[in-house]
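*Asks:* after the sequence you'll find the predicted model.
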Amino acid sequence: MPDHPIDLSIAVEPQPDYRDANVVIQGLIDFNAAHAGGTAPQELLVTLRDHEGKVVGGLSGDTWVGWLQVHALWLADDVRARGLGRALMLEAEREAVRRGCTQAFLETLSFQALGFYEKLGYTVFSRLDGFPPGGARYAMRKPLEPARAD
């Protein structure tokens, strides 16, 4: 084990505090920006709200160095199968193109939405079997072009 100065400690946090996690995440963002021409990811949030303004679905991701990365796409059960997931994805892609992105990246699990993303033009470039047990985790990409994002 490497030597650590006496005044430092390593610990698995029993109840992680999101503020501590944000320190780690921001530190990595700053490091990456220093090595990517000073640019940092720009958050992207596309929401679906009901008539009362309650979020019933949405897409969370970011854009950075010409890429859209989708971190999460979710719809409440009662608004699924209406084309709203597709609408959220296309809106995110349009915004990514406006921000200068030419590629999109996401990950999905075998029990989630592989076929859905394939219908939107995403292709698998990596498959990790056994994640989760008995399933697979897929990494997918799609080229973004102004005509294709409309």
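*Replies:* Received the coordinates, thanks. Everything numeric in this text was worked out from a predicted model, so none of it was measured.

*Asks:* which element is the spatially most central residue of the chain on?
*Replies:* By Cα atoms, centre = their mean, the chain has its centre lying nearest to residue 71, at 1.5 Å. Assessed by DSSP states H and E, residue 71 sits inside strand 67-75.

*Asks:* pull out the buried positions in the very next helix or strand once past that strand.
*Replies:* Sequence order places helix 84-98 as the next helix or strand after strand 67-75, per DSSP H and E. Going by neighbour count (16 or more other Cβ atoms under 10 Å), the buried part of helix 84-98 is 84, 85, 88, 89, 90, 91, 92, 93, 95, 96, 97. For every residue, glycine as well, the C-beta is placed using N, CA and C.

*Asks:* which of these lies closest to residue 19?
*Replies:* residue 92 (27.5 Å; Cβ to Cβ).

*Asks:* coming back round to it: want to throw the buried residues of helix 84-98 into a markdown table with distance to residue 130 and pLDDT?
*Replies:* Output for these, formatted as a markdown table (distance: Cβ to Cβ, whole Å; pLDDT from 0 to 100):
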| residue | distance to residue 130 | pLDDT |
| --- | --- | --- |
| 84 | 32 | 95 |
| 85 | 27 | 95 |
| 88 | 30 | 97 |
| 89 | 27 | 97 |
| 90 | 32 | 96 |
| 91 | 34 | 97 |
| 92 | 30 | 97 |
| 93 | 31 | 97 |
| 95 | 35 | 97 |
| 96 | 31 | 97 |
| 97 | 35 | 97 |
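
*Asks:* now distance to residue 30 too, for the residues you listed, in a markdown table please.
*Replies:* Output for the buried residues of helix 84-98, formatted as a markdown table (distance: Cβ to Cβ, whole Å):
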| residue | distance to residue 30 |
| --- | --- |
| 84 | 36 |
| 85 | 33 |
| 88 | 30 |
| 89 | 30 |
| 90 | 32 |
| 91 | 29 |
| 92 | 25 |
| 93 | 28 |
| 95 | 24 |
| 96 | 23 |
| 97 | 27 |
